[in-house]
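Visitor: any chance you can model this:
(2 chains)
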Amino acid sequence: MQLKDRIARGLESGWKVTDGATLTENRTLEADVVVIGTGAGGGTTAEILAQSGLSVILVEEGRLYYQKDFKMDELSAYASLYQEGMSRVTKDGAIAILQGRCVGGSTTVNWTSSFRTPDATLNYWAERFGLNALAPDAMAPWFDGREQRHNMEPWAVEPNVNNDILRQGCDRLGYSWQVIPRNVKGCWNLGYCGVGCPTNAKQGALLTTVPGALDNDAHLIHGLRADKLVMAQDRIDHLRASAMAADGITPSGVTVTLKARHFVAAASAIGTPGLLLRSNIPDPHDRIGKRSFIHPVNACIAEMPEKVEPFYGAPQSIYSDHFNFSGGVDGPVGYKLEVPPLHPAMSAGVIPGHGDPQINTMARLPWINSVIALLRDGFHPDSPGGTIGLRDDGSPYLDYPVTDYLWDGLRRAFHTMAEIQFAAGAKRVRLMHLDSDWYTTLADAKAAIDELPMERHRVRLFTAHQMGGCGMGANPEESVVNGFGEHHHVSNLSIHDASIFPTSIGANPQLSVYALSARNSARLTNRLKA
Amino acid sequence: MNDQSEVRSTPSGFANLDRRSFLKTGLGGALFLSTASVTAGLSGCGSAPAGRVSAVGTRMDASYEFRFLTTDDIQLFEALLPAIVGPALPEQSQAQRVAIAGTIERIDAGIHNFGPANQKELRRLFDLLNFGLTRVTIARVWSSWPNATTEEANAFLERWRTSGIGLFNNGYIALTKISNVAFYGHEDSWHLSGYPGPPQWAVDTLPQFQSA
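Guide: Presented below is the predicted three-dimensional model:
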């Protein structure tokens, strides 16, 4: 066990880390490259550039939290580690958005599932968006490299009961299932990945690439919000950023100006389009913020005869892709099946209700399993995705209409989830829907699923995977960056995050972001060193 | 800069409440809404955070400083919480008051971390519910919140849950979600969901739990 963790040791050894809240006067800093965001994309980029000898400044809006802060407590973690204190929703309020906001970004709070981009997705990108260089064979070495860097391996320990129910149900129905690769080293199998790994087992950006960059003299400024990329002629001259007070929410009034030869935006699929829109980055074909994807998620809960204790154990270890590509890559929407961990606050926020029904359901939590379906959006004309826009105060929002094509998939997914839960022995099943009862037979559940209105707000929807909004493609008329993440119109701007995906991934996206960022950072290094 | 999307947007966010959107949803009494917040402000419905509420005559911890909820909002939640989490509250009345007060403080602390955009939405929602005219026309609650019974609060929540109007469903989710999370998510309530807390052996071993 590491009694002194990587971050504590690094800070002692003299890493260049600045807390924006400690700044008392405006200042200007300069580096070869400014990287905006410290998640899967920004961390990877900063490490690779810094290792090559380039000077790097890393900018993070959230704050630096690490082992000393990770106390397995939901309420404090949701308040400090997630966007908008875990209250982020789509513009109409219908879809809850789970997204990290801290050093390491969402990799600090994700559930460690580590999938390669499916071949079918890469092949579709090649065919539809001219991204032939990202074919599965070409990407394989980059996935290999990142799997090693982040210690990704199929989970070798027995799944917890919550995950085992998905396995049992699939087995009995003849649906395929697999073991999930996880990015952990010496995992204690506790179940608290979503509130910051308390044991330093999770090999997210926080404990790998960010320290790697800092070991190579990169400068991390956290609690600093990137406001605007300021152009001079056809290049970005500097980034204007606002320091946040110690609460992480209120700007302190101190401004930081960051000058660089090159700028890499890695501020997420909501943050990056927002930054580019605020900056009036050239966008002749009006593509910034378009085709935003989210893997819309719906959920079923089941009461099982035996204890599940869905709050303990590796949160995600079993998945099923049986329905993910079964209708063809661009047919009726496919969905991936997984389970979520359920701690009390998460459960109370996900299960809609009040009064007696709510306490009666919450009281059964130790016996509750949940299955979730993640819809693979963006592969069909009737799934054009959402749009990132700006509020009056300049902050970004996601407007995501749920089309009939997606409602059809959500209804099918409800059927599949109920089938699996009953096949695994559920006593009763309830949909996460305002009108759903508990159903004690599969027939009753299926009748209800066919009957209940598939409408926003009534169906409880979630997203933990934000993608697109600055899509890549060969054709500048329908994309923002090329296949290397290089902006089509601004030569010293690259985008290294999930916003460049031209569709959703069809799998939890962290490895897709790591791999593409590594590939594109190697290319960028060569360009800048030439 | 995003005029297009603003105009096209479906008015389900509370910050988008205006006359046009309510005409579109066809609600009786909607015409009053556009002025609700303004009127509420002018008529002295406190829009300032309650700050430190005096312990005398209240159930609040006098050391807690409210940063978002106003005294009206606090009364609103004092009326709603018995309907939202009531069956799970302690039976003894003093313990019940303490549990409600603590939940309201955590709601306030949570909203503080939501940031400006969602705070603006919630401010609209709370003003709507607190201002007498809109409380009656939109929420259809005749008594002021301090005088509303738990049955009236429950009936209001049920109306908004089962309503065919998405805006009200959204309001229902907002009110119940922040309340449920603040209540069930706190250590004092973990026993209600059979959650034993983080494994003790890990707490005993990990450095961040050991006092220096």
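
Visitor: skipping adjacent residues, who's closest to residue A:301 in space?
Guide: Spatially, and ignoring its direct neighbours in sequence, residue A:301 is nearest to residue A:370 (4.7 Å; C-beta to C-beta, 6 or more residues apart in numbering or on different chains). C-betas here are computed from N, CA, C, even on glycine.

Visitor: residues in contact with that neighbour?
Guide: By C-beta atoms under 8 Å, 6 or more residues apart in numbering or on different chains, the contact set of residue A:370 is A:162, A:299, A:300, A:301, A:302, A:310, A:339, A:340, A:342, A:350.

Visitor: quick check: next helix or strand after the helix or strand where it lies?
Guide: Here residue A:370 sits within strand A:368-375, counting by DSSP states H and E. Next along the chain after strand A:368-375, taking DSSP H and E as the criterion, comes strand A:387-390.

Visitor: where does the prediction get shaky in chain B?
Guide: Residues of chain B meeting the criterion pLDDT under 70: B:1-47, B:54-61, B:212.

Visitor: all helices in it, in order from the N-terminus.
Guide: Taking DSSP state H as the test, the helices found in chain B are B:3-8, B:19-25, B:36-42, B:71-84, B:93-114, B:116-130, B:132-134, B:150-162, B:166-184, B:200-205.

Visitor: and residue B:68, what does it touch?
Guide: Residue B:68 neighbours (C-beta under 8 Å, 6+ apart): B:49, B:108, B:111, B:112, B:119, B:122.

Visitor: apply 10 Å and report the result again.
Guide: Residues in contact with residue B:68 (C-beta atoms under 10 Å, 6 or more residues apart in numbering or on different chains) are B:49-50, B:107-114, B:119, B:122-123, B:126.

Visitor: and residue A:180, by the same measure?
Guide: Counted by C-beta under 10 Å, 6+ apart, residue A:180 has contacts A:111-115, A:152, A:154-155, A:159, A:163, A:314-319, A:338, A:507-508.

Visitor: report the buried members of these.
Guide: A:111-115, A:152, A:155, A:159, A:163, A:314-319, A:338, A:507-508 (16 or more other C-beta atoms under 10 Å in any protein chain shown).

Visitor: skipping its backbone neighbours, what lies nearest the most centrally placed residue in chain A in space?
Guide: The residue lying closest to the centre of chain A (C-alpha atoms, centre = their mean) is residue A:465, at 4.0 Å. Beyond its immediate neighbours in the sequence, the residue positioned closest to residue A:465 (C-beta to C-beta, 6+ apart) is residue A:295, lying 4.3 Å away.

Visitor: so the one you found: helix, strand or coil?
Guide: coil (DSSP: H, G, I helix; E, B strand; the rest coil).

Visitor: roughly how far does residue B:151 sit from residue A:279?
Guide: Distance of residue B:151 to residue A:279, given as C-beta to C-beta, to the nearest Å: 54 Å.

Visitor: again but with residue A:111, I slipped
Guide: 33 Å.

Visitor: what does residue A:404 give?
Guide: 36 Å.

Visitor: so the two - more neighbours on which side?
Guide: When residue A:404 and residue A:279 are compared for neighbours, residue A:279 comes out ahead with 22 against 9, by other C-beta atoms under 10 Å in any protein chain shown.

Visitor: what pLDDT does that one get?
Guide: Note on residue A:279: pLDDT of 98.

Visitor: ignoring the adjacent residues along the chain, who's closest to it?
Guide: Counting by C-beta to C-beta, 6+ apart, residue A:229 is the residue found nearest to residue A:279 once chain neighbours are left out, at 4.0 Å.

Visitor: any chance of the helices of chain B in CSV, plus mean neighbour count and distance to chain A?
Guide: Formatted as CSV, those follow (neighbours: other C-beta atoms under 10 Å in any protein chain shown; distance: least, C-beta to the nearest C-beta, whole Å):
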stretch, mean neighbour count, distance to chain A
helix B:3-8, 11, 5
helix B:19-25, 15, 12
helix B:36-42, 16, 16
helix B:71-84, 23, 4
helix B:93-114, 20, 3
helix B:116-130, 20, 5
helix B:132-134, 18, 19
helix B:150-162, 17, 6
helix B:166-184, 24, 4
helix B:200-205, 12, 6
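
Visitor: any idea which of those gets closest to residue A:442?
Guide: Residue A:442 lies closest, by C-beta to C-beta, to one member of these: helix B:150-162, at 25.9 Å.

Visitor: pLDDT below threshold where in the stretch 201-350 of chain A?
Guide: In the stretch 201-350 of chain A, no residues with pLDDT under 70.

Visitor: which residue does it have closest to chain B?
Guide: residue A:345 (2.8 Å; C-beta to the nearest C-beta).

Visitor: quick check: closest non-adjacent residue to that residue.
Guide: In this structure, residue A:345 finds its nearest non-sequential neighbour in residue B:185, 2.8 Å apart by C-beta to C-beta, 6+ apart.

Visitor: spell out which parts of the stretch 351-500 of chain A neighbour chain B.
Guide: Proximity of the stretch 351-500 of chain A to chain B, by C-beta under 10 Å from any C-beta of the partner chain, involves residues A:351-368, A:387-397, A:399, A:401, A:434-435, A:453, A:455-458, A:460.

Visitor: quick one: mark the members of those that sit in helices.
Guide: Filtering these for helices - DSSP H - leaves A:355, A:356, A:357, A:358, A:359, A:360, A:361, A:362.

Visitor: find the centremost residue of chain B, please.
Guide: Mean-position check on chain B, C-alpha atoms, centre = their mean. Result residue B:175 at 4.6 Å.

Visitor: give the contact list for that residue.
Guide: A:354, B:76-77, B:80-81, B:83-84, B:107, B:122, B:125-126, B:129, B:156-157, B:160 are the contacts of residue B:175 under C-beta under 10 Å, 6+ apart.

Visitor: same question, residue B:84
Guide: Contacts of residue B:84 (C-beta under 10 Å, 6+ apart): A:353-355, A:358-359, B:77, B:103, B:150, B:153-154, B:157, B:175-180, B:183.

Visitor: return the closest of the contacts of residue B:68 with respect to residue A:329.
Guide: residue B:114 (38.3 Å).

Visitor: which residue packs closest to the closest one, ignoring adjacent ones?
Guide: Using C-beta to C-beta, 6+ apart, the closest residue to residue B:114 is residue A:87 (4.3 Å).

Visitor: and residue A:394, how many neighbours?
Guide: With other C-beta under 10 Å as criterion, residue A:394 counts 13.
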